[in-house]
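> Quick one, what's the 3D model for this:
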Amino acid sequence: MLLHVLGTAAGGGVPQWNCACPGCSGARAHPTWRRRHASLAVQASDDRWYLINATPDIGDQIEDCPALRPVPVPVPVRGSASGPRAGSRRTPIAGLILTDAELDHTLGIARLREAGADGLELLATGSVREALLTGLCLEDVLGPYTPLTWRELSQERPVPLTEDSIVTISAIPVSGKRPRYAVHLPGSEGDTWVVALLLTDRATGAKAVYAPALAAWPGALQSAVAEADCVIVDGTFWDDEEPRRTGISTRTATGMGHLPIDGPGGTAERLAPLRARCLYTHLNNTNPLVDPSAPQYKRLADQGIEVAGDGMVIQL
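I've put the predicted structure just below:
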């Protein structure tokens, strides 16, 4: 299984356009601190990839990953040798997988409207699908440009990403937190609004868990990470008081739907005992981990935990 980390920032990215906090100011002064919105690409087969979440940075994320760039199609030209056809379009991107319906994870869908008659395939839970169709009117907006094909993210059994893919996927419900625009929409009140993803390589047995947003740590998630070879999880906030301390919210981290990294009940103490390679993603601009020299890095390293970086490639 091959994973490519396309981005590791929470909503707004690092730096955020209207913010001058130490993290954002540092990222402007030191471009290596910059982080794009959290996203992951997974290779389904030799030349087919799925993107997990469609962020506002999706265009740049595709361009920065050579494996995701369109492939010129050689065609015979009468009286000359074969060569790439001008304007030919053949993308390795097979579709999108959505962990939730938040704007930071779905706004990039509109950027892919150039898919044209080939359409876009989206894997999502029923709750997420209905939010995007009803709350954002996605079908109405994109229908004139490209057809959307929906596939249900199953909780019951793993399904192959494509018919010939050795990689299977299944959803692990982790939260009933709706995006703000969907709070008053009719629909399920269950916990399938936010899911973690379990990816399994049927050839090698390797397993990866991707959970960029965690409001809780249910038993099904614990069972999945206990058997995983790689775990990439929500690192939005370092501690529970960070949002209030930095003035970005009157709520705590958990109140905003994100388990903190440090402190009682934090995710670091859950990750440390695992045999898997464990990494954090979805860092908010207020998180001290935005600074690569922050002492919090050593605290995590002492527990065998990493912070994912944009462009990181993970082979399982």
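> List the beta-bridge partners for Ala208.
Taking DSSP bridges as the rule, Ala208 bridges to Leu199, Cys230.
> just for the protein, where's the confidence low?
When residues are selected by pLDDT under 70, those of the chain lie in 74-88, 187-189.
> can you tell me which residues contact the closest residue to Asp57 other than its chain neighbours?
What sits nearest to Asp57 in space, not counting adjacent residues and going by CB to CB, 6 or more residues apart in numbering, is Arg36, at 4.1 Å. Where C-beta positions appear, they are placed from N, C-alpha and C, glycine not excepted. Residues counted as contacts of Arg36 (CB atoms under 8 Å, 6 or more residues apart in numbering) are 6-9, 13, 55, 57, 60-61, 310.
> separation between Arg36 and Asn18?
To Asn18, Arg36 is 17 Å away according to CB to CB, to the nearest Å.
> what do you get for His105?
His105 sits 20 Å away from Asn18 when distances are taken as CB to CB.
> So those two - more neighbours on which side?
Ranked by neighbour count (other CB atoms under 10 Å), His105 and Asn18 place His105 first, with 27 against 7.
> SS state for the more buried one?
For His105, the secondary structure call by DSSP: H, G, I helix; E, B strand; the rest coil comes out as helix.
> Residue nearest the middle of this protein, spatially speaking?
Central residue of the chain (CA atoms, centre = their mean): Ser39, 3.2 Å from the mean position.
> Now for that one: which residues touch it?
Applying CB under 8 Å, 6+ apart, one finds that Ser39 lies in contact with 5-7, 51-55, 57-58, 61, 105.
> Apply 7 Å and report the result again.
Residues counted as contacts of Ser39 (CB atoms under 7 Å, 6 or more residues apart in numbering) are 6-7, 51-53, 55, 61.
> Can you convert those residues into CSV and add a column each for distance to Leu161, secondary structure and neighbour count?
As requested, the contacts of Ser39 are exported to CSV (distance: CB to CB, whole Å; DSSP: H, G, I helix; E, B strand; the rest coil; neighbours: other CB atoms under 10 Å):
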residue, distance to Leu161, secondary structure, neighbour count
Leu6, 17, strand, 26
Gly7, 20, strand, 29
Leu51, 11, strand, 25
Ile52, 11, strand, 24
Asn53, 15, coil, 28
Thr55, 20, coil, 27
Gln61, 19, helix, 24
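> distance of the residue nearest to Asp57 from Pro288?
19 Å.
> and the nearest residue to Leu132 once chain neighbours are set aside, how many neighbours does it have?
With CB to CB, 6+ apart as the measure, Leu138 is the residue that lies nearest to Leu132, at 4.5 Å, once sequence neighbours are left out. Neighbour count for Leu138, taken as other CB under 10 Å: 19.
> What of the one 3 residues further on?
Here the number of neighbours of Val141 (other CB under 10 Å) works out to 12.
> Next up, the contacts around it.
Applying CB under 7 Å, 6+ apart to Val141 gives the contacts Ala110.
> three-state assignment of it?
Of the three states, Val141 takes helix according to three-state DSSP.
> mind checking how far it is from Leu107?
Separation of Val141 from Leu107 (CB to CB) stands at 12 Å.
> can you give me the helices in this structure?
Taking DSSP state H as the criterion, the chain contains helices spanning 22-29, 58-63, 103-106, 126-130, 138-142, 219-227, 242-246, 268-271, 296-301.
> got a markdown table for these, with distance to Ile166 too?
Output for these, formatted as a markdown table (distance: least, CB to CB, whole Å):
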| stretch | distance to Ile166 |
| --- | --- |
| helix 22-29 | 38 |
| helix 58-63 | 23 |
| helix 103-106 | 26 |
| helix 126-130 | 26 |
| helix 138-142 | 31 |
| helix 219-227 | 18 |
| helix 242-246 | 40 |
| helix 268-271 | 27 |
| helix 296-301 | 32 |
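> any idea which of those helices is most buried?
With neighbours defined as mean count of other CB atoms under 10 Å, those peak in mean count at helix 103-106, which reaches a mean of 23.
> Output it as CSV, restricted to C-alpha atoms.
Extracted as CSV, the C-alpha positions of helix 103-106 are listed here (Å, rounded to 0.1, in the frame of the first residue of the first chain):
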residue,chain,number,x,y,z
LEU,A,103,-16.1,22.7,4.1
ASP,A,104,-12.4,22.3,4.6
HIS,A,105,-12.7,18.7,3.4
THR,A,106,-15.2,19.2,0.5
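> what residues does it touch?
Helix 103-106 is contacted from outside by 11, 37, 53-55, 98-99, 132, 179, using CB under 7 Å, 6+ apart.
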